[in-house]
Structure formats: C-alpha cells, structure tokens
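Participant: could you work out the structure for the sequence below:
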Amino acid sequence: MINPSNVVKILADRVSTLLSLTRPTNSATIDTTSSITNHERQVAEHLCDTLASIVNSHSYTFEVEETLDHGLADDGLISEAEDENEDEASFDSDYRDEEENKEDALRTNFSLDYMIRAVDFYDAKDPTTGKRKRRWSTVKHKFRRIPHQKYIDRFRNYLEKHGTKKQKHEKIDDYVFDMFERARENALPVHDNDLRRWALKKAMDESLHSFVAAHHWLCSFKHKHDIISRKVTK
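Facilitator: Presented below is the predicted three-dimensional model:
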C-alpha cells in the first residue's frame, strides 16, 4: 500500500535538491513565500490527481521513452560516448570523396571567402571594352598569398564544385535544427531517424541528390548543436 504522504515528502526533498543543484552559486535565493499563481495551482492539481490515480489503482506502469534534446545536465541522460569518439572535425562523409581529399591543401591555405574575392577581382571586366580590366601583376599585388596565376582556375573550379554545395549543406543544417526546435517546444519526441528524414527532405528540395544523411553527418549535427539523448518517463 502506497502512503501518499511519504510520496509527497520524497517529492519535496527531490525538488529542493534539484533547485539547489541547478541554481547558480551567485544567484539570489528562491523566494518560497511568493504568492501562488494560477499556473502553479494547475500544476499542483495535476500532480495531485496523478498521485490519487496511482494510490487508488491496483497496478500501474511507467513508460520510459527516449528523445533527443538540448544538452542539459540531468540524471536521465544517456551517454553519448560513441558520438564523442567520432572525428567531429572531419568533413561530412556524404560529400567527401577522393577528389576532394586532394584539395585539402587548397582548402587549408585559402578560405572560401578569400577564393571568392580573388576570382571576382581577377574576372572584373571593363564596362567599355568588355575585357578583363586588370593584369595578373595587379591581382598578384593585391592577393600576395597566391603563388601562381593557375591558382585562379583552381579557385574557380573549387567554387563551382563546392561553393553552392556548401550553401546547400548549411540550408539543410538550418532546416533540421529548426524542425528539431519546433518539435521540442511542443514536447514532441525526436529520434535520430527524424533528423535524417528532415535532412533528406531538405536535400531533395535543394536537389542535392548525393546527400544520404549518413552516420557521420548525424554525429556532426548533434555535436554542433549540443543535442543529446535523454529518457522521458510517462
């Protein structure tokens, strides 16, 4: 037989402990004498009804569901050690191939913005003649890190291949995180397959057919946005 008074006492102790753990050390003490709001009264009534239902029942079960959530400290968090062991610094395996691996040196030495500015400066045309208005020596003087004129073609090829693709990947990232935020704001559970499904939908919308939402992408996305798995008891 369950003694509801004991349950209430244990609950009060747990709440007191939780507040002391989550409250910053330099924050003011929580006012325990503040007036009771209507919302607080509704929460208390709901807890009371739930407790009464448990006490009056011959049997009861608790359902534990896992969901992705923001990385907040909690006793119910599930270890993400496997994800943390992934090489998060690497590029998404969905769009890394042998040809791109050969371009590591180019990507390391020159940022995307630098390549764009160099190509635009080099390609600028004289509105009167329609021809390029700058000689290579002028371009070289402004962009001193470029060792040879042939790098302009390498920059151009890289931008044509990766510039647009990078933007599409950023759109996928933004879309999936927005969907995740909406779901959690509405207290809806979110799983890895949901993230993949949203990512694939956005990739299709962006005509990025090579994207497959692989495990490396999933780990990278969760690490970037500090998303972890947690248990929810119902």
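Participant: all contacts plus neighbour counts: C-alpha atoms, from now on.
Facilitator: Fine.
Participant: distance from the longest helix belonging to the chain to the middle of the chain?
Facilitator: Using DSSP state H, we find that the single longest helix of the chain is helix 164-185. Between the centre of helix 164-185 and the centre of its host chain there is 8 Å, according to CA atoms, centre = their mean, to the nearest Å.
Participant: equivalent analysis for stretch 217-232, please.
Facilitator: 7 Å.
Participant: buried set for that stretch?
Facilitator: Neighbour-count burial for stretch 217-232 flags 217-223, 227-231 (criterion: 16 or more other CA atoms under 10 Å).
Participant: which members of those residues are positioned in helices?
Facilitator: Using DSSP H, the buried residues of stretch 217-232 in helices are 217-223.
Participant: who touches the nearest residue to His209 once chain neighbours are set aside in this structure?
Facilitator: Nearest residue to His209, sequence neighbours excluded (CA to CA, 6 or more residues apart in numbering): Ala203, at 6.8 Å. The contact partners of Ala203, taken as CA atoms under 8 Å, 6 or more residues apart in numbering, are 168-169, 172, 209, 211.
Participant: kindly export the longest helix of the chain (C-alpha atoms) in PDB.
Facilitator: Extracted C-alpha coordinates of helix 164-185, given in PDB (Å, rounded to 0.1, in the frame of the first residue of the first chain):
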ATOM      1  CA  THR A 164      26.900  26.000 -54.000                       C
ATOM      2  CA  LYS A 165      27.100  22.600 -52.300                       C
ATOM      3  CA  LYS A 166      28.400  24.200 -49.100                       C
ATOM      4  CA  GLN A 167      25.500  26.600 -49.000                       C
ATOM      5  CA  LYS A 168      23.000  23.800 -49.600                       C
ATOM      6  CA  HIS A 169      24.500  21.800 -46.700                       C
ATOM      7  CA  GLU A 170      24.100  24.900 -44.500                       C
ATOM      8  CA  LYS A 171      20.500  25.200 -45.500                       C
ATOM      9  CA  ILE A 172      19.900  21.500 -44.600                       C
ATOM     10  CA  ASP A 173      21.500  22.100 -41.200                       C
ATOM     11  CA  ASP A 174      19.400  25.200 -40.500                       C
ATOM     12  CA  TYR A 175      16.200  23.400 -41.600                       C
ATOM     13  CA  VAL A 176      16.800  20.300 -39.500                       C
ATOM     14  CA  PHE A 177      17.600  22.300 -36.400                       C
ATOM     15  CA  ASP A 178      14.500  24.500 -36.900                       C
ATOM     16  CA  MET A 179      12.400  21.300 -37.100                       C
ATOM     17  CA  PHE A 180      14.100  19.900 -34.000                       C
ATOM     18  CA  GLU A 181      13.400  23.100 -32.100                       C
ATOM     19  CA  ARG A 182       9.700  23.200 -33.100                       C
ATOM     20  CA  ALA A 183       9.200  19.600 -32.000                       C
ATOM     21  CA  ARG A 184      10.800  20.000 -28.600                       C
ATOM     22  CA  GLU A 185       8.900  23.300 -28.000                       C
END
